[in-house]
Each structure stands twice: as structure tokens, then as C-alpha cells.
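K.L.:
attaching a predicted model along with its sequence, questions to come.
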Amino acid sequence: MTAIFKNHDMTGKVALVTGAASGLGRMTALKLAAAGADLWLVDVNADGLAETIELLAPTGRTAGSEVADLSSPEACHAVVAHALEKFGRLDALCNVAGLIYLANTAQMPQGQYERTIDVNLNAPFFLSQAAIPHLLASDAEGGGAIVNVTSCASYIGEAYAAAYCASKWGLLGMTKAMAMEFQKQPIRINAVAPGGMITNIITNFAPPENCDFELLKRFSGMRGQVEVEDVADLIVLLASPAGRGFHGSCLSLDAGITAG
């Protein structure tokens with residue numbers, strides 16, 4: 001597996017990737033390793049993390065992992081600290097971890113709503129808060145980088161996904177606000193907004209009871225699912241020197257879902 005972008009070389013750099021036990025997080029880790037990066041990988045799934053580490057072995061890159069639930073600020077700050085303890089530097093933070101619960105808004109359990117916001121929105125904030133001082137110190141071409149994974153749900157309303165849309169719209173706004181705040185400093189803060197992919201989020205898809213499937217189909221897309229590998233390539237672009245011209249951007253890859 002090779003990365004596809006000119007000037008994507010991340011040899012000697014370190015990236016922290018959340019959600020690395022499967023799906024987009026795992027593919028992002030593999031693509032970053034192909035670009036030369038060493039990795040600190042985080043997920044709640046210990047078995048999946050071990051599998052990702054195994055898959056990375058042939059790349060020859062150094063990879064450490066940590067099982068952590070990122071729904072608390074303390075855990076977010078801790079995983080950044082542990083990456084620094086392992087490598088002594090941090091050049092890219094890739095906030096890939098995310099989850100979705102579909103529910104009738106009037107019936108959504110409070111716990112599901114709060115966990116959606118904690119994992120999808122709060123975790124990227126607190127991870128960024130902990131990482132930014134070290135990303136500012138990076139000697140990477142174009143500066144250190146934060147890449148947030150939002151969604152096509154950052155741009156459109158999706159039935160039965162009020163909490164998910166709130167978290168992803170919020171993450172897009174946060175990306176742009178942070179980019180403005182650090183406009184004059186050596187750091188790049190961007191996002192990617194994929195459509196539906198074949199990942200654990202989709203395979204565990206559970207529509208709410210008595211839902212209107214016509215409403216669900218409105219955001220399913222006419223061209224099928226997006227390839228996980230293609231989205232991972234965009235993350236590598238934004239995390240690497242190849243993305244040095246991007247700041248405050250959100251790259252959509254959704255097979256036309258948000259076109260109109």
C-alpha cells in the first residue's frame with residue numbers, strides 16, 4: 001500500500017489517530033505508515049487495536065497503542081501525554097473516532113445524546129487542546145496538523161440523527177473557528193466530510209422503531225457508499241506536507257449527497 005500524493009512524506013513525524021481499531025481509523029493508520037509516519041493509535045476496542053498493530057508490522061514503522069474511552073476530557077489529555085512520552089513529539093492529530101445512534105428525537109435516551117456529543121464533538125476539542133502546544137512546535141513542512149473527520153451530515157439535516165448532525169455541524173464550526181484563531185501560527189487545522197462508508201458505523205446501523213424509510217433514503221446517496229481508502233487518502237493529504245496550502249478547509253467526499 002502506498003500513499004498517492006506528491007510531497008506526502010512524513011518520515012520522522014508522529015501522528016496520533018483515534019478510532020484506529022477498525023474502518024477509517026485503521027485505514028488512516030495504514031496510509032500514514034505508508035507515508036513514513038510513526039503512530040500512536042487510540043480506540044476503545046482492544047482486540048481491534050491489536051489487529052491494527054499487527055497489520056502495521058510489515059511497514060517497519062513504530063506504532064504504539066492505547067485503549068481509551070475519549071468521552072472524558074481527562075482521557076483526551078492523557079492519550080496526548082502518552083504519545084509524547086513514547087515519541088517525544090507530535091506532528092499530526094487525526095480525530096477519526098465517531099459514533100451514531102439513530103433515534104426519534106422525542107424518544108432519544110439522554111445517555112445516547114450525551115455520548116454522541118462527547119465522542120464526536122467534545123473529544124476532538126479536548127484532544128486538540130492538549131495537542132496544539134506540541135503541534136505548534138513541530139518542524140514539519142507547513143507546520144503541525146489537525147484533521148477532523150466530520151460528515152456529509154455537517155451540511156444537511158438527516159432524519160432521526162439530530163444528535164449526530166449537531167455533533168458534526170459543531171465539529172465543522174470548531175474546525176473553522178480554530179483555523180481562524182491560529183491563522184498567524186504554524187499549524188494547519190482542517191476536516192474531511194465523507195458520505196456513508198462500509199465501516200462499523202454502517203454495519204451496526206439500527207433504524208429507530210417505526211421510522212419512515214423514505215426519510216432515511218433521502219441521505220443514502222444515489223451512487224452508493226464511499227470507499228474508506230479514498231477518505232483515508234484525503235486525511236493523509238491534510239496531515240502531510242502535501243496539504244500545506246489547506247487551512248480551515250473541509251474536503252467533501254460524499255458521492256454527491258450534498259450536491260443538491
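P.N.:
Cool, the structure landed.
K.L.:
ok, Ala166 - contacts?
P.N.:
Shown in contact with Ala166 (Cβ atoms under 8 Å, 6 or more residues apart in numbering): 116-117, 121. Yep, even glycine has a C-beta here, placed from its N, CA and C like the rest.
K.L.:
measure the residue nearest to Ala163 when sequence neighbours are not counted to Gly173 for me?
P.N.:
In this structure, Ala163 finds its nearest non-sequential neighbour in Thr116, 4.2 Å apart by Cβ to Cβ, 6 or more residues apart in numbering. For Thr116, the distance to Gly173 (Cβ to Cβ, to the nearest Å) stands at 16 Å.
K.L.:
how about Ala75?
P.N.:
On the measure of Cβ to Cβ, Ala75 and Gly173 end up 23 Å apart.
K.L.:
which of the two has more neighbours?
P.N.:
Ala75 (16 against 13; other Cβ atoms under 10 Å).
K.L.:
please give the element, helix or strand, for that one.
P.N.:
helix 73-87 (DSSP states H and E).
K.L.:
all the helices of the stretch 1-150 of the chain, residue numbers only.
P.N.:
All helices of the stretch 1-150 of the chain, identified by DSSP state H, counting those that start in this stretch, fall at 23-34, 46-56, 73-87, 110-117, 123-136.
K.L.:
run the chain-centre distance for stretch 134-141.
P.N.:
20 Å (Cα atoms, centre = their mean, to the nearest Å).
K.L.:
quick one on the thing from earlier: what about the contacts of Ala166, which one has the most neighbours?
P.N.:
Neighbour counts for these, by other Cβ under 10 Å, peak at Thr116, which reaches 26 neighbours.
K.L.:
got a pLDDT number for that residue?
P.N.:
What the model reports as pLDDT for Thr116 is 96.
K.L.:
kindly report the same for the one 4 residues further on.
P.N.:
The model reports Asn120 with a pLDDT of 97.
K.L.:
same deal with Gly64?
P.N.:
On the pLDDT scale, Gly64 gets 97.
K.L.:
pull the number of nearby residues for the residue nearest to it when sequence neighbours are not counted.
P.N.:
Spatial nearest neighbour of Gly64, excluding adjacent residues (Cβ to Cβ, 6+ apart): Lys86 at 4.8 Å. By other Cβ under 10 Å, the residues close to Lys86 number 18.
K.L.:
check Ser252 too.
P.N.:
Residues within reach of Ser252, counting by other Cβ under 10 Å, total 20.
K.L.:
assign it to helix, strand or coil.
P.N.:
Following DSSP: H, G, I helix; E, B strand; the rest coil, Ser252 is assigned to strand.
K.L.:
check contacts around Ala46.
P.N.:
Contacts of Ala46 by Cβ under 8 Å, 6+ apart are 21, 67.
K.L.:
which residues sit in contact with the closest residue to Thr59 other than its chain neighbours?
P.N.:
Nearest non-adjacent residue to Thr59, counting by Cβ to Cβ, 6+ apart: Ala33, 4.2 Å away. Applying Cβ under 8 Å, 6+ apart to Ala33 gives the contacts 39, 56, 59, 61, 63.
K.L.:
please apply the same query to Val14.
P.N.:
37-40, 83, 87, 89-92.
K.L.:
any idea how far the residue lying closest to it once chain neighbours are set aside is from Trp40?
P.N.:
Take Val14 and drop its neighbours on the chain: the residue closest to it by Cβ to Cβ, 6+ apart is Phe87, 4.5 Å away. Applying Cβ to Cβ, the value for Phe87 to Trp40 is 7 Å.
K.L.:
many thanks, we can stop here.
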